[in-house]
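> Show me how the following folds:
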Amino acid sequence: MDTTTLRNSLNPIKRLKEEFVSNLTGSSMIEIAALSTIIPILVLLRHSFNSSNVIGMSLRAVLDHTAANASLKKSDGLVIRSKSLKRYLAAIAVDFLIIVIPTLLFFTVLADWSCLCAILLVLLLLLLIAAKGMLNHSPTRESGNQSLRANISSFRVVVMITTCLCILAVDFRIFPRRYAKTETYGTSLMDLGVGSFVLANSLVSRQARNVSSTNRKGYQYWLIYGLNTYLLSNQRGSDIISQNKEGLFSIFGYWSIYLIGVQLGNSLFFGKNSSATLGSKRRARIIVWILALFFWMTTLLLDSYVERVSRRMCNLAYVTLVLAQNLQVLAILMLSGYVAGNETSVLEEALNSNLLAAFLLANLLTGLVNLSVDTLSTSSITALLILLVYAFILSIAMGLANFNGIRLKFW
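Below is the predicted model of the structure:
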């Protein structure tokens, strides 16, 4: 019996988990686009729901209501005056019901209906926009930069919510295999995770650099003329480069994503050229929508005629897909000005104040679940309950941290 066979026989669960995540081919780009439509619309629906006073009053109404007797705490420009922990947790719970639970369901039991649900949610969003137009709501009083920065914050929160839900859900059979990471070519929801994380952080980077088109095109040229064969081969030498070839060479692709994100953030949202006028907000919305459509079309052309999307190589098609998918999410969130009650939800503010802490806690809880539960043998109902409890603990923990002014940062 050779070493590999002996190791597999001694640890059958490990072998089953390896097989569970192997030889995956991903999902269609249409499904990725549908999921990228659903989640930001859920956030916008929550923004609209904030103004309807269904739970008594929105967060800002609570703050105004208790301003006379409350102490002040500042977090990223948000002044929190409320001392009512009960109301605050109630708002977190409503956010959890409207944003987190539906997102989790679309990643699991409702995955096969994602395209249909995306269409229905788009129609609902259009109705809300039309309703605001008919009611003739007054324009928002906040400055253009504040509104655009709020959109960026919402976008980063959407990326974090998706990441935190997927890192545990992928271990259960209830999570569709087409959403898990692909082996070579193809794309999936989790394939876009690292690229989305890089872009979300680059948009708020304070260091502006010029985007180098030579870096993207040059790396893709190497891939087409032999580097892709080397990166995707299973043969590895004993040197450090060969052992880590995908990670090392994919830096060129991720660096391109970062540079483009920095340029977009600097030119549209945070730079000297951006202004606080209503015209600048409209200009930014139009540009983001145009770029999202442009990168989707570019991705389809590259995937069909140049080289298929590959996360492992972070090739040009993968770079444009990351940009297309994330700019689509951002573009939808930037429609908040057209929806009545475009307030930031409590859960968004809590997560945005502690993105790093949320990510660390999500990984810790994921590890605890995997140590305690045989995820591959868990029934669908049990898996869904575990995921709901996990997501609820994460939401409440971040809410309590934000309420008490706790922030985890290393810089």
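
> The stretch 201-350 of the chain: strands as residue ranges?
Shown for the stretch 201-350 of the chain, no strands are assigned by DSSP state E, counting those that start in this stretch.

> try the stretch 51-200 of the chain
Using DSSP E, counting those that start in this stretch, strands in the stretch 51-200 of the chain cover 73-75, 78-80.

> So for stretch 286-304, mean pLDDT?
Averaging pLDDT along stretch 286-304 gives 95.

> Same check on stretch 105-121?
On average, stretch 105-121 scores 95.

> center of this protein, which residue is that?
Central residue of the chain (CA atoms, centre = their mean): residue 159, 1.6 Å from the mean position.

> my guess is it contacts residue 200, does it?
Yes. Look at residue 159 against residue 200 with CB atoms under 8 Å: they come within range, at 4.6 Å. Where C-beta positions appear, they are placed from N, C-alpha and C, glycine not excepted.

> For residue 370, which residues are in contact?
Residues in contact with residue 370 (CB atoms under 8 Å, 6 or more residues apart in numbering) are residue 171.

> That one sits in which helix or strand?
Secondary structure from DSSP states H and E places residue 370 in helix 355-372.

> Next, the buried residues of the next helix or strand after that helix.
Next along the chain after helix 355-372, taking DSSP H and E as the criterion, comes helix 380-403. For helix 380-403, the neighbour count (16 or more other CB atoms under 10 Å) marks 383-384, 386-387, 390-391, 394-399, 401-403 as buried.

> quick one: which of the residues you listed is nearest residue 109?
The closest of the buried residues of helix 380-403 to residue 109 turns out to be residue 384 (CB to CB; 6.8 Å).

> The closest one contacts residue 175, correct?
No. Counting by CB under 8 Å, residue 384 does not reach residue 175; the two are 10.3 Å apart.

> Pull up the overlap in contacts between those two.
In contact with both residue 384 and residue 175: residue 108, using CB under 8 Å, 6+ apart.

> quick revisit: can you list residues touching both of residue 159 and residue 200?
Common neighbours of residue 159 and residue 200 (CB under 8 Å, 6+ apart) are residue 326.

> Show me which helix runs longest in this structure.
If you go by DSSP state H, the chain has its longest helix at helix 278-305.

> That one packs against which elements?
helix 29-50, helix 144-169, helix 316-333 (3 or more CB pairs under 8 Å, 6 or more residues apart in numbering; DSSP states H and E).

> Quickly, which of those bottoms out on average pLDDT?
Among the helices and strands packed on helix 278-305, helix 144-169 scores lowest, at a mean of 86.

> Run the chain-centre distance for it.
6 Å (CA atoms, centre = their mean, to the nearest Å).

> For stretch 90-104, output the C-alpha coordinates as CSV.
What follows is stretch 90-104, C-alpha atoms only, in CSV (Å, rounded to 0.1, in the frame of the first residue of the first chain):
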residue,chain,number,x,y,z
ALA,A,90,-34.5,45.0,17.1
ALA,A,91,-33.3,47.0,14.1
ILE,A,92,-30.4,44.5,13.7
ALA,A,93,-32.9,41.7,13.7
VAL,A,94,-35.0,43.3,11.0
ASP,A,95,-31.9,43.9,8.9
PHE,A,96,-31.1,40.2,9.4
LEU,A,97,-34.6,39.2,8.2
ILE,A,98,-34.6,41.4,5.1
ILE,A,99,-30.9,41.2,4.0
VAL,A,100,-29.1,38.2,5.4
ILE,A,101,-31.8,35.5,5.5
PRO,A,102,-32.9,36.0,1.8
THR,A,103,-29.2,36.1,0.7
LEU,A,104,-28.5,32.8,2.5
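
> quick one: that stretch to chain centroid distance?
16 Å.

> same thing with stretch 101-117?
The answer for stretch 101-117 is 16 Å, by CA atoms, centre = their mean.

> Run through who's touching it.
Stretch 101-117 has contacts (CB under 8 Å, 6+ apart) with 30-31, 34-35, 38-39, 42, 161-162, 165-166, 169, 172, 174-176, 179, 189, 380, 383-384, 387-388, 391.
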